[in-house]
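J.: how would this look folded up:
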Amino acid sequence: MQTHARSERSTWIIILMMVLFILGKGLFVYLVVGDEGQPDWDYRPVPDVPGESPYAIYEPLPHRQHVRGRMGE
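T.: Numbering: from 1, shown residues only. The predicted structure follows:
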């Protein structure tokens, strides 16, 4: 009977240690790696359409469609 009680106690100690480890890890991440809000630098608005971007490598098409053809169709 005593072996069963000792085994049960050991099982609960292991479970408690795992729970404490998970909570401690979560608390560590929350305090150390927490979000500090928006960064203070400015990215400048850069158009993401390749034909409008100043960094584009292709000539802009005569019409605003993305395919070549009559009137951009």
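J.: Give me the below-cutoff pLDDT ranges for this structure.
T.: Residues of the chain meeting the criterion pLDDT under 70: 1-2, 42-73.
J.: So which residues of it form helices?
T.: 2-32 (DSSP state H).
J.: what number of residues lie near residue 38?
T.: 6 (other C-beta atoms under 10 Å). (Each C-beta comes from the backbone N, C-alpha and C, glycine too.)
J.: same deal with residue 14?
T.: 10.
J.: Check the gap between residue 29 and residue 41 for me.
T.: Distance from residue 29 to residue 41, counting by C-beta to C-beta, to the nearest Å: 25 Å.
J.: Show me which of the two is the more surrounded one.
T.: Between residue 29 and residue 41, residue 29 has the larger neighbour count (other C-beta under 10 Å), namely 10 against 6.
J.: Report the contact partners of that one.
T.: The contact partners of residue 29, taken as C-beta atoms under 8 Å, 6 or more residues apart in numbering, number zero.
J.: Can you tell me how far it is from residue 22?
T.: Look at residue 29 and residue 22: by C-beta to C-beta, they are 11 Å apart.
J.: Residues that sit against both of these two, list them.
T.: Contacts common to residue 29 and residue 22, judged by C-beta under 8 Å, 6+ apart, are absent.
J.: Residue 21 and residue 15, how far apart?
T.: On the measure of C-beta to C-beta, residue 21 and residue 15 end up 11 Å apart.
J.: any shared contact partners between those two?
T.: Counting by C-beta under 8 Å, 6+ apart, residue 21 and residue 15 have no common neighbour.
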